[in-house]
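**Q** With the sequence up front, the predicted model follows.
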Amino acid sequence: MATTRRILRPSQARRSTQKATTNQNKSISFHGIIPASEWSVPEVRHAMIVHACLASYEGRLATLLETASALHFVRLDDAGPHTLHVRPFRPTTPMHLAATLLEADTHLLVCGGVCGRWLHTLEAQGVEVIPWLSGTEQEVLAALAKGTVDELVMPGCMRRLGTTGGVCARARCRTRRERNGCE
C-alpha cells in the first residue's frame, strides 16, 4: 500500500494542531505509519483502475453521442491510460449501447452531447455518463487521469455555469426573464 505525505503550512498547523495530532494517532494505530514531522499528515492512496469508453469521431469526442463512429475502450490506472480496443459504432438504440459497454465491463461513458432518452436509459442500465465534453481523445484521457474533465466542458453548456440544467443563470438572461415577467 503506497503512501503519500502532504505537508501542512505552519499557519494551517497552528489552527489544526489538535486535529492533526488526532489524525496522526489514528493513522499510526490503523496503518502503522509514523509521520515525518508533527506537521505532516499521512494519506493513503489506493490504486485507481477505471474502465472507460470514449464515444469518438475521427480522433475527437463526437459532438453528439448519436453521431459517434467509434467506441474507444480504455483502462485508466496509476500508470496512465491504456487502450484496450476500438470498436466501430453504429448507433441503433441506447439499450444496444448499454449492452455493448457492460459486455466490455465498462461502466463509464465519456461523450459530447447526448439526448435525454439516451442518457436516462444508459444510467438506468448502470452506465455512468460524463456528457457535454469536447476535445481530442488524448486531451480527454489526460483530463480523466488528472480528474480535471470540467476544463473540457463544451461552450454554452449549463455545467460551465455551475448549474445542472434548466433556467440559465447568466445575468443577461435573468434580466430578460425579469423584464418579460417570467420569474
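**A** Happy to help now that I have it.
**Q** Which parts of the chain belong to which domain?
**A** 3-44, 50-151, 153-183 (automatic domain parsing).
**Q** Correct me if wrong: Cys115 contacts Glu66.
**A** Yes: between Cys115 and Glu66 there is a contact under CB atoms under 8 Å: 7.1 Å. C-betas here are computed from N, CA, C, even on glycine.
**Q** Can you pick out the residue with more neighbours from these two?
**A** Each of Cys115 and Glu66 has its neighbours counted (other CB atoms under 10 Å); Glu66 has more, 17 against 13.
**Q** quick one, what contacts the nearest residue to the more buried one once chain neighbours are set aside?
**A** In space, and not counting its chain neighbours, Glu66 is closest to Pro91: 4.8 Å by CB to CB, 6 or more residues apart in numbering. Neighbouring residues of Pro91 by CB atoms under 8 Å, 6 or more residues apart in numbering: Leu65, Glu66, Thr67, Ala68, Leu97.
**Q** Show me the two of these that sit farthest apart.
**A** Thr67 and Leu97 (13.1 Å; CB to CB).
**Q** Which residue is the nearest non-sequential neighbour of Leu76?
**A** Val50 (4.5 Å).
**Q** Looks like that neighbour contacts Phe73 (just checking).
**A** No: at 11.5 Å, Val50 does not count as touching Phe73 under the criterion of CB under 8 Å.
**Q** Between the two, which has more neighbouring residues?
**A** Phe73 (20 against 15).
**Q** Which residues are in contact with that one?
**A** Neighbouring residues of Phe73 by CB under 8 Å, 6+ apart: His51, Ala52, Cys53, Thr83, Leu84, His85, Val86, Arg87, Ala104, Thr106.
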